[in-house]
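model this:
(2 chains)
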Amino acid sequence: QVQLVQSGAEVKKPGASVKVSCKTSGSTVGGLYIHWVRQAPGQGLEWMGRINRNSGGTNYGQKFQGRIIMTVTTDTSISTVYMELTRPTTDDTATYYCASSIGDPGFWGQGTQVTVSS
Amino acid sequence: QSVLTQPPSASGTPGQRVTISCSGSSSNMRSNTVNWYQQFPGTAPKLLIYSNNQRPSGVPDRFSGSKSGTSASLAISGLQSEDEADYYCVAWDDSLTAYVFGTGTKVTVL
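Below you'll find the predicted structure:
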């Protein structure tokens, strides 16, 4: 059974980087990538980017280019993917999700609430 | 910003058929398949339809999807109270090299 378990809620001041983790276990159902999607309060879904769990190759959404870093570490059958957002502003307050697939059946993490506030 | 356009709301009475549209462009809809997600407040989105019209295991056949040109539709037949949720379309965009989500549609069961 594939599981995606995310790290806990974060509260950050504007400008202080935030790093969210997504621990994956089980089979690679849903493909090689881990995607990050966020949702601001009362707003829609926004795709941020993806990372290849094997190669570490990344694709980032244009809006996040230059201030998002996705990395992956692997220990036996468990991969942990990290999403770091640098120079956050209050507009980055949102729930952040990792997902094993967007266009095929897959699994989603439980979401991590990130609050950016002075 | 979203590049796929959906109506902000849709509604129907139990048993009715409700259709949600999703309008895109040649760089996303025409070139690639469309997927649909259902989301309840405070929970992660759930894949409802993938590859334009395929249902993952466990999704009732009341839900169906279609695509034509640069537009797609999600239909809910025999609307039920538990279908009250937000619905999003999503597709890969070749120009942006990114997935793009629709603006979202809130379905209300009257």
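
confidence score at the residue in chain B sticking out farthest from the centre?
Farthest-out residue of chain B from its mean C-alpha position, per C-alpha atoms, centre = their mean: residue B:95, at 21.5 Å. Listed pLDDT for residue B:95 reads 94.

and it, what is it in contact with?
By C-beta atoms under 8 Å, 6 or more residues apart in numbering or on different chains, the residues touching residue B:95 are B:27, B:28. (Glycine included, C-beta is placed from N, CA and C.)

wasn't it part of a helix?
No. Under DSSP: H, G, I helix; E, B strand; the rest coil, residue B:95 sits outside any helix and is assigned coil.

for it, give its distance to residue B:68.
21 Å (C-beta to C-beta, to the nearest Å).

again, but for residue B:48
19 Å.

more crowded one of those two?
residue B:48 (23 against 10; other C-beta atoms under 10 Å in any protein chain shown).

you'd agree the more buried one is up against residue B:39?
No. At 9.7 Å, residue B:48 does not count as touching residue B:39 under the criterion of C-beta atoms under 8 Å.

flag the shaky bits of chain B, pLDDT-wise.
Residue ranges of chain B with pLDDT under 70: B:1-2.

residues contacting residue 14?
Here I'm looking at chain A. A:88, A:89, A:90, A:116, A:117, A:118.

actually, chain B is the one I wanted.
B:79, B:80, B:81, B:109.

what ranges do the strands span in the chain?
If you meant another chain, say so; for now it's chain A. With strands called from DSSP state E, chain A shows them at A:3-6, A:10-12, A:18-25, A:33-39, A:45-52, A:58-60, A:68-75, A:78-85, A:94-99, A:112-116.

meant chain B, my bad for not saying
Ranges of strands within chain B are B:9-12, B:18-23, B:34-39, B:46-49, B:63-68, B:71-76, B:85-93, B:98-101, B:105-109, based on DSSP E.

any idea how far residue B:32 lies from residue A:106?
17 Å.

near chain A, which residues of chain B?
Residues of chain B lying near chain A by C-beta under 8 Å from any C-beta of the partner chain: B:2, B:33, B:35, B:37, B:39, B:44-47, B:50-51, B:56-57, B:88, B:90, B:92, B:96-104.

now, of the residues you listed, which are buried?
Restricting those to buried positions leaves B:2, B:33, B:35, B:37, B:39, B:44-45, B:47, B:50, B:88, B:90, B:92, B:96, B:98-104, with burial counted as 16 or more other C-beta atoms under 10 Å in any protein chain shown.

list of residues touching stretch B:35-55?
A:37, A:45, A:97, A:101-106, A:108-111, B:22, B:33-34, B:56, B:59, B:61, B:63-67, B:72, B:74, B:85-91.

kindly check the end-to-end length of it for me.
10 Å (C-alpha to C-alpha, to the nearest Å).

equivalent analysis for stretch B:59-79, please.
Termini of stretch B:59-79 sit 14 Å apart (C-alpha to C-alpha).

likewise stretch B:7-17?
Across its full length, stretch B:7-17 reaches 16 Å between end residues, using C-alpha to C-alpha.
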